[in-house]
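Asks: Below are the sequence and a predicted model for it; my questions follow.
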Amino acid sequence: MALSAARCPADSLAAGGSLRSSAFLRPFPRSVLAARVAPPPSRNWSLAVVCKQEAGTAPVPSTKEAAPSTKVENGGLFGLSSEEFRDVISPDANERESTVSITVVGASGDLAKKKIFPALFALYYEDCLPKHFTIFGYARSKMTDAELRTMVSRTLTCRIDKRENCNEKMEQFLKRCFYHSGQYDSEDNFAELDKKLREHEAGRLSNRLFYLSIPPNIFIEVVKSASNSASSKNGWTRVIVEKPFGRDSDSSAALTNGLKQYLEEDQIFRIDHYLGKELVENLSILRFSNLVFEPLWSRQYIRNVQLIFSEDFGTEGRGGYFDSYGIIRDIMQNHLLQILALFAMETPVSLDAEDIRNEKVKVLRSMRPLQLEDVVVGQYKSHTKGGVKYPGYTDDKTVPSGSLTPTFAAAALFIDNARWDGVPFLMKAGKALHTKRAEIRVQFRHVPGNLYKRTFGTDLDRATNELVIRVQPDEAIYLKINNKIPGLGMRLDRSNLNLLYSSRYSKEIPDAYERLLLDAIEGERRLFIRSDELDAAWELFTPLLKELEEKKIAPELYPYGSRGPVGAHYLAAKYNVRWGDLSASETA
Ligand SMILES: NC(=O)C1=CN([C@@H]2O[C@H](COP(=O)(O)OP(=O)(O)OC[C@H]3O[C@@H](n4cnc5c(N)ncnc54)[C@H](OP(=O)(O)O)[C@@H]3O)[C@@H](O)[C@H]2O)C=CC1
Ligand SMILES: O=C1O[C@H](COP(=O)(O)O)[C@@H](O)[C@H](O)[C@H]1O
């Protein structure tokens, strides 16, 4: 029987074309309830009344609203049926009076074009956006509304499985997109934006989301100007902040303090788009809802965990940004560490954002700060293959010559708690490698007294189970098991129990930005980084980053398109580990 848990009307995830799949419903976002109860006017961002309601002081909801909130408080995993859900979110008399304005600050930039506008269109196509919404692009570049629409239209695509009325939907969507040109530090320019937003809001309850898709050095001036001149007067105001959130503990704390001059913590949505990826989202479900995994999730059965990120292209075009950050800050300290925290956390009290983030912080705070001897850094160099010359990192004109910035790093991390004591968590991240992939590999221990030891010879690794969660591409979860090759003999084989998403599910997997934008609109914070999580993450990496920089550690060079520096193998071998992605069966 289907356990429906649709978020948007069109979100009935068909497994093999039917409603066979079951999915957990996230707790119903309180803000959705709150948004339909007009809060008294507030004067500025930090006093936004919706925040108080979200903290549990919302006016008593109507009978219709009481149902979902009761379920949330009961911590029910399954929540509402899709009928109940639709009934609650469908535009009733109150909701028709509220509106959401989404302002993409830095709308002329790469991320806005590549990810944000396409994600907003996908949400619109799926009927996930509220009835009354407006999208504004804001940047210094001079553009008319029509020019913004032309720019955006070039980036919009229809889902492979949903092409019906797509062009018509695009046109309707573009009509809801507008542009305002202004300086980032100008309260006057933001006041002009405010005026335009108010015209579109037409007296409805105004909820405003600002997406800061700009370089981090201007985050605070934008927040200040927008806060003083363009925050909602009667609804919520939220701000999505893109990474990087600083480059070490001090700069991150300074950024947080700067933002908090104008915003409450619960208005800040620090995005880590890896948390919005389908397979990362599925991690907790895999673990906490399957009895075959949860009891194995500890040092008793798990030998090591590997978190692997690789890209088959270099920093082309982003060398300027990248050089002052490097791969450890760009990928490890955020994306891979967030996955690690989700993987290793204790069972949260509920699926509520604060309960989950509390558990993640505990794991991060139980980790040992990284030691230099547990880290290998590399940098790609030019390589010619098939007559094509691939540039080295320092060949990029935006990269200072002689740069020591790592484009590859491997590290061994440890969680000093009872569950994970002594288990190496190996991370590996690199650009310009031989393949593009992101995955989590869980290598289990050997079966004690393995009856079939002889069949495997001395290579016991071949006999151990490995669970692979392939985040991208070709999303999949597979488990390597031992089985007998059919026949009269007794030969063993290693096979994959394979859940390949493209075979199992006919629906295209949404982009991470879609999920995260929808969450921010709904006020669901579970997949955003809280400031204490961020502090804990920086505490782990800051001493190492300082040491690397102070000692001017030279990265090991590896050819563009290779498997990375050999040092990564030695690091793994130090802990008796082999990288799973480089085993013969994976590279065949
Ligand atoms: N691009 C990506 O794939 C990813 C980006 N990010 C983060 O997202 C944010 C936006 O990224 P992205 O779109 O690539 O950035 P861009 O460099 O494209 O900048 C976005 C916009 O900001 C304005 N801008 C750029 N540089 C400056 C400056 N020095 N001072 C003032 N304004 C400036 C420009 O608009 P105008 O001149 O019109 O005002 C530009 O169009 C950044 O924080 C980045 O780190 C995170 C993950 C991936
Ligand atoms: O945050 C970042 O992520 C991208 C990789 O994201 P993906 O979703 O395409 O895997 C990476 O290229 C970039 O350097 C980094 O800043």
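Replies: Yep, that arrived. Just so it is clear, the model here is predicted, and its values are computed rather than measured. Ligands and ions are numbered 1, 2, ... in the order given.
Asks: Could you grab the helix/strand/coil label for S403?
Replies: Look at S403: counting by DSSP: H, G, I helix; E, B strand; the rest coil, its state is coil.
Asks: next one: phi and psi at it?
Replies: phi -60, psi 140 (degrees, to the nearest 10).
Asks: pretty sure it contacts D395?
Replies: No. Counting by CB atoms under 8 Å, S403 does not reach D395; the two are 10.9 Å apart. C-betas here are computed from N, CA, C, even on glycine.
Asks: wait, what's in contact with the closest residue to G580 other than its chain neighbours?
Replies: Sequence neighbours aside, R441 is the residue nearest to G580 in space, at 4.0 Å (criterion: CB to CB, 6 or more residues apart in numbering). If a contact means CB atoms under 8 Å, 6 or more residues apart in numbering, then R441 has V305, Q306, I308, E466, L467, V468, I469, G580, D581 as its contacts.
Asks: How about the contacts made by P391?
Replies: Counting by CB under 8 Å, 6+ apart, P391 makes contact with G314, E316, S382, Y560.
Asks: I should have written K196 there, sorry.
Replies: Residues in contact with K196 (CB under 8 Å, 6+ apart) are F136, F178, H180.
Asks: That one sits in which helix or strand?
Replies: helix 187-201 (DSSP states H and E).
Asks: Next, the buried residues of that helix.
Replies: Residues of helix 187-201 classed as buried by neighbour count (16 or more other CB atoms under 10 Å): E187, N189, F190, E192, L193, D194, K196, L197, H200, E201.
Asks: Stretch 120-131 too?
Replies: If you call a residue buried by 16+ other CB under 10 Å, then stretch 120-131 has these buried ones: L120, F121, A122, L123, Y124, Y125, E126, C128, L129, P130.
Asks: ok, now stretch 564-578?
Replies: Neighbour-count burial for stretch 564-578, counted by 16+ other CB under 10 Å, picks out G564, P565, G567, A568, H569, L571, A572, Y575, V577.
Asks: how far out from the middle of the chain is it?
Replies: When distances are taken as CA atoms, centre = their mean, to the nearest Å, stretch 564-578 is centred 28 Å away from the chain's centroid.
Asks: before we move on, back to that, wait, which of the contacts of K196 is closest to V152?
Replies: Of all the contacts of K196, F178 has the smallest distance to V152: 10.8 Å, by CB to CB.
Asks: what helix or strand is that closest one on?
Replies: Here F178 sits within strand 177-181, counting by DSSP H and E.
Asks: would you turn the buried residues of stretch 564-578 into a markdown table with pLDDT and secondary structure?
Replies: Listed next are the buried residues of stretch 564-578 as a markdown table, based on pLDDT from 0 to 100; DSSP: H, G, I helix; E, B strand; the rest coil:
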| residue | pLDDT | secondary structure |
| --- | --- | --- |
| G564 | 97 | coil |
| P565 | 98 | coil |
| G567 | 97 | helix |
| A568 | 98 | helix |
| H569 | 97 | helix |
| L571 | 98 | helix |
| A572 | 97 | helix |
| Y575 | 97 | coil |
| V577 | 95 | coil |
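Asks: can you tell if stretch 390-408 touches ligand 1?
Replies: No. Figure legend: stretch 390-408 not in contact with ligand 1 (CB under 6 Å from any ligand atom); closest approach 11.4 Å.
Asks: Do you know the pLDDT at the residue lying farthest from the centre of the chain?
Replies: Most distant from the centre of the chain: L488, at 49.4 Å, with distances by CA atoms, centre = their mean. Predicted confidence (pLDDT) for L488: 92.
Asks: same question, F78
Replies: Looking at F78, its pLDDT stands at 30.
Asks: What are the neighbouring residues in contact with the residue in the chain positioned nearest to ligand 2?
Replies: When distances are taken as CB to the nearest ligand atom, the chain reaches nearest to ligand 2 at D330, 4.8 Å away. By CB under 8 Å, 6+ apart, the contact set of D330 is P244, F322, A429.
Asks: for stretch 201-208, which positions count as buried?
Replies: Neighbour count says stretch 201-208 has E201, R204, L205, S206, N207, R208 buried, by 16+ other CB under 10 Å.
Asks: what do you get for stretch 102-118?
Replies: For stretch 102-118, by 16+ other CB under 10 Å, it's 102-109, 111-113, 115-118.
Asks: and the residue in the stretch 401-550 of the chain that ligand 1 sits nearest to, which of the three is it?
Replies: Nearest to ligand 1 in the stretch 401-550 of the chain, going by CB to the nearest ligand atom, is Y513, at a distance of 9.9 Å. When classified by three-state DSSP, Y513 comes out as helix.
Asks: give the contact list for it.
Replies: Contacts for Y513 were tallied using CB under 8 Å, 6+ apart; they are K115, I116, P118, A119, H273, G276.
Asks: for ligand 2, what are the nearby residues on the protein?
Replies: Within the chain, the positions adjacent to ligand 2 are H273, E311, D330, A438 by CB under 6 Å from any ligand atom.
Asks: Now render those residues as JSON lines, adding pLDDT, secondary structure and distance to S229.
Replies: Listed next are the residues of the chain next to ligand 2 as JSON lines, based on pLDDT from 0 to 100; DSSP: H, G, I helix; E, B strand; the rest coil; distance: CB to CB, whole Å:
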{"residue": "H273", "pLDDT": "97", "secondary structure": "helix", "distance to S229": "29"}
{"residue": "E311", "pLDDT": "97", "secondary structure": "coil", "distance to S229": "40"}
{"residue": "D330", "pLDDT": "96", "secondary structure": "helix", "distance to S229": "33"}
{"residue": "A438", "pLDDT": "98", "secondary structure": "strand", "distance to S229": "40"}
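Asks: All good on my end, thank you.
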